[in-house]
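# just coords:
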Ligand SMILES: *Cc1c(COP(=O)(O)O)cnc(C)c1O
């Protein structure tokens with residue numbers, strides 16, 4: 001399988017190169033040049049690690065399949081407490097794919113526990129011996145998941161940049177207390193887009209690469225623009241479907257809708273790949289919070305980032321530039337020239353409009369909707385009161401939107417974070433007065449709901465804080481060069 005840039009069909013690389021480089025030199029994203037066919041009958045009874053091996057092997061053809069099997073087994077065994085790809089019925093026809101049973105309690109663990117192993121192996125595959133310095137811009141959850149995945153790995157350094165005051169106390173402490181000699185964490189004075197733009201600028205800056213090359217350091221990314229982040233996420237769409245069939249909730253071959261709380265469009269795009277590989281997916285529902293740039297785009301074909309940025313109670317979805325959408329644009333339009341044009345418009349004017357045919361193809365696979373904080377809070381309360389099901393603020397947005405677009409098809413909501421990552425907002429949504437501290441709120445939420453607190457979160461206030469530097473977005477370059 002080869003990979004090409006979304007902006008230039010002549011930039012062709014292997015999967016190892018796509019994973020090592022992150023971003024194509026022209027600023028585009030690497031996409032597979034074909035979709036491997038799923039073997040649904042053969043795959044339906046596999047364990048999570050076995051299924052992961054099959055999906056990975058279809059795309060990562062320059063990796064040894066035995067290595068992929070070992071990596072998947074090492075990733076999705078104990079670390080996910082036996083709950084990788086766990087599907088919980090909420091009520092008739094509505095299911096929650098709980099993706100937060102990994103070490104950092106957010107779905108990003110699926111990719112970020114595996115990708116470091118893929119990266120180290122990519123370097124071996126390519127005979128590379130330099131130090132890889134990974135720069136990550138995060139709205140909260142990616143940072144910790146990446147730190148946890150890369151800490152202590154040989155030949156790798158990782159630097160994380162998050163928006164100061166843009167994360168929950170728990171999210172900040174998860175990052176600030178990260179152990180490991182090869183990790184650095186910076187708060188950026190700005191929002192997520194400022195951090196992401198700053199990091200992207202460093203990647204595009206030839207003088208940075210040149211300076212680092214003299215020191216035998218090569219930059220790479222762990223953001224969801226990296227192919228190594230996307231491919232592991234395809235697996236759980238298949239796994240969830242097979243479990244629904246096994247439980248007798250879905251007939252073999254019957255289409256299922258998936259509703260995904262969306263920010264950078266990586267999680268939902270993995271569902272699109274699963275569909276292209278042959279999984280019976282009905283609609284992929286793109287759920288946004290008040291930062292509803294994607295809702296407007298999927299409805300109208302105009303992507304307009306020139307709008308107010310809102311800080312919401314679902315901070316991991318507080319995004320105006322949704323990077324992975326570029327991959328979808330390439331797949332549906334089939335034209336890197338068009339994609340390059342739209343992205344140039346976006347960079348220059350803050351907006352672009354796709355042609356009618358491209359929009360129609362997007363609407364054939366995707367539905368959309370948005371829910372603000374008030375609606376999300378009411379949803380948390382409704383699901384708990386009516387279904388005795390507790391969800392976090394991001395998942396709540398998806399439950400809300402799922403109701404507005406539901407057809408007769410079974411609906412799976414991707415539950416992306418543990419409610420205990422956002423305990424104050426969840427507690428408030430349940431009608432309680434939240435204490436000031438996240439830790440007191442965790443305890444109160446536990447008393448109120450009886451749901452167990454993940455151990456990795458309850459220990460956070462006993463760990464030493466290692467990082468508390470706040471920098472301006474312009475200083476990201478210096479940090480990257482340190
Ligand atoms: C990252 C994240 C999202 C958004 O996922 P994308 O792949 O960026 O669309 C949603 N919910 C939570 C909890 C997240 O951490």
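Alright, I've got the coordinates. Everything quoted here is computed from the prediction, not taken from an experiment.
# residue contacts, residue 352?
The neighbourhood of residue 352, defined by CB atoms under 8 Å, 6 or more residues apart in numbering, consists of 302-303, 341-343, 345-346. In short, each C-beta sits where N, CA and C put it, glycine included.
# Mind checking which of those are in helices?
With helices identified by DSSP state H, the entries of the contacts of residue 352 that belong to them are 341-343, 345-346.
# Dump the residues you listed into CSV; add pLDDT as well.
Converted to CSV, those look like this (pLDDT from 0 to 100):
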residue, pLDDT
341, 98
342, 98
343, 97
345, 98
346, 97
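# got a winner among those for most neighbours?
Greatest neighbour count in the ones in helices among the contacts of residue 352, by other CB atoms under 10 Å, goes to residue 342: 22 neighbours.
# what about residue 223, neighbour count?
Residue 223 has 23 neighbours, counted by other CB under 10 Å.
# coming back round to it: any chance of the ones in helices among the contacts of residue 352 in a markdown table with distance to residue 225 as columns?
Conversion of the ones in helices among the contacts of residue 352 to a markdown table gives the following (distance: CB to CB, whole Å):
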| residue | distance to residue 225 |
| --- | --- |
| 341 | 19 |
| 342 | 16 |
| 343 | 12 |
| 345 | 19 |
| 346 | 15 |
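# Name the residues of the host helix or strand of residue 403 that are buried.
Take DSSP states H and E as the rule and residue 403 turns out to sit in helix 393-405. The neighbour-count check on helix 393-405 (16 or more other CB atoms under 10 Å) flags 393-403, 405 as buried.
# and after it, which helix or strand comes next?
Where DSSP H and E defines the elements, the next helix or strand beyond helix 393-405 is strand 411-415.
# The helix holding residue 403 close to the ligand?
Yes. Contact of helix 393-405 with the ligand is found when judged by CB under 6 Å from any ligand atom, involving residue 394.
# what residues does that helix touch?
When contacts are defined by CB under 8 Å, 6+ apart, helix 393-405 is touched by residues 90, 94, 96, 257, 259-261, 283, 285, 287-289, 312-314, 316-317, 367-371, 373, 375-377, 379-380, 383, 391, 411, 413-417, 422, 425-426, 429.
# out of those residues, which are inside strands?
90, 94, 96, 257, 259-261, 283, 285, 287-288, 367-370, 411, 413-415 (DSSP state E).
# Tally up the residues packed near the residue in the stretch 51-200 of the chain positioned nearest to the ligand, please.
Here the stretch 51-200 of the chain gets closest to the ligand at one residue, residue 141, 3.2 Å apart by CB to the nearest ligand atom. Neighbourhood size, residue 141 [other CB under 10 Å]: 29.
# Per-residue pLDDT of it, please?
Turning to residue 141, the model gives it a pLDDT of 80.
# Tell me who's in contact with it.
Counting by CB under 8 Å, 6+ apart, the residues that residue 141 touches are 104, 106-108, 171, 316, 416-417, 421.
# cutoff 10 Å now
Taking CB atoms under 10 Å, 6 or more residues apart in numbering, we find residue 141 in contact with 100, 104-109, 112, 162, 167-168, 171, 174-175, 263, 315-316, 394, 416-417, 421.
# Now do the strands in the stretch 101-250 of the chain.
Listed in chain order, the strands of the stretch 101-250 of the chain (DSSP state E, counting those that start in this stretch) span residues 131-137, 156-163, 183-188, 217-221.
# just the residues of the stretch 251-400 of the chain that are near the ligand, which are they?
Applying CB under 6 Å from any ligand atom, we find that the stretch 251-400 of the chain lies next to the ligand at 261-267, 316-317, 394.
# Mind picking the lowest-pLDDT entry from the residues you listed?
By predicted confidence, those are weakest at residue 316, whose pLDDT stands at 89.
# pretty sure it is touching residue 167, no?
Yes. Taking contacts as CB atoms under 10 Å, residue 316 lies within contact range of residue 167: 8.7 Å.
# before we move on, back to that, let's see which of the residues of the stretch 251-400 of the chain next to the ligand end up in helices.
Filtering those for membership in helices, criterion DSSP H, returns 266-267, 394.
# which helix in this protein runs the most residues?
As assigned by DSSP H, the longest helix anywhere in the chain is helix 227-246.
# buried residues in that helix?
Of the residues in helix 227-246, those with enough neighbours to count as buried (16+ other CB under 10 Å) are 227-245.
# cool, stretch 415-428 as well?
415-428.
# show me where pLDDT drops low in this protein?
Within the chain, no range satisfies pLDDT under 70.
# Not counting its neighbours along the chain, what's nearest residue 188?
Take residue 188 and drop its neighbours on the chain: the residue closest to it by CB to CB, 6 or more residues apart in numbering is residue 195, 4.5 Å away.
# Does that neighbour touch residue 159 like I think?
No. Shown here, residue 195 and residue 159 do not form a contact pair, counting by CB under 10 Å, at 11.4 Å.
# Pick out whichever of those two has more residues nearby.
Set side by side, residue 195 and residue 159 show more neighbours around residue 195, with 28 against 22, by other CB under 10 Å.
# and which of the contacts of residue 352 is nearest to residue 481?
Relative to residue 481, the closest of these is residue 343; by CB to CB it sits at 26.6 Å.
# Which residues are in contact with the closest one?
When contacts are counted by CB under 10 Å, 6+ apart, residue 343 touches 6-7, 26-29, 326, 329, 352.
# Does residue 301 touch residue 355 like I think?
Yes. Residue 301 lies in contact with residue 355 (CB under 10 Å); the separation is 7.7 Å.
# Return the residues in contact with the closest residue to residue 278 other than its chain neighbours.
The spatial neighbour of residue 278 that comes closest, neighbours along the chain excluded (CB to CB, 6+ apart), is residue 38 at 4.1 Å. When the contact criterion is CB under 10 Å, 6+ apart, the partners of residue 38 are 54-55, 58, 234, 238, 274-279.
# Show me the two of those that sit farthest apart.
54 and 275 (16.6 Å).
# that older thread, distance between the helix holding residue 403 and the chain's centre?
Centroid displacement of helix 393-405 relative to its chain, using CA atoms, centre = their mean, to the nearest Å, is 17 Å.
# relative orientation of that helix and strand 256-261 in degrees?
Counting by axes from the mean of the first three to the mean of the last three CA atoms, to 10 degrees, helix 393-405 lies at 140 degrees to strand 256-261.
# measure residue 382 to the ligand for me?
Look at residue 382 and the ligand: by CB to the nearest ligand atom, to the nearest Å, they are 19 Å apart.
# OK, contacts around that residue?
The neighbours of residue 382, taking CB under 10 Å, 6+ apart as the test, are 389, 396, 399-400, 403, 429.
# Leaving out chain neighbours, which residue sits closest to residue 87?
Counting by CB to CB, 6+ apart, residue 87 lies nearest to residue 243, which is 4.7 Å off, once chain neighbours are set aside.
# correct me, but that neighbour touches residue 83?
No. At 11.5 Å, residue 243 and residue 83 do not qualify as touching, with contact defined as CB under 10 Å.
# ok so, going back, could you export the strands of the stretch 101-250 of the chain as JSON lines, including distance to the ligand?
JSON lines is the format used below for the strands of the stretch 101-250 of the chain (distance: least, CB to the nearest ligand atom, whole Å):
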{"stretch": "strand 131-137", "distance to the ligand": "12"}
{"stretch": "strand 156-163", "distance to the ligand": "12"}
{"stretch": "strand 183-188", "distance to the ligand": "17"}
{"stretch": "strand 217-221", "distance to the ligand": "14"}
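# what would these look like in JSON lines with distance to residue 474?
As requested, the strands of the stretch 101-250 of the chain are exported to JSON lines (distance: least, CB to CB, whole Å):
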{"stretch": "strand 131-137", "distance to residue 474": "14"}
{"stretch": "strand 156-163", "distance to residue 474": "12"}
{"stretch": "strand 183-188", "distance to residue 474": "10"}
{"stretch": "strand 217-221", "distance to residue 474": "18"}
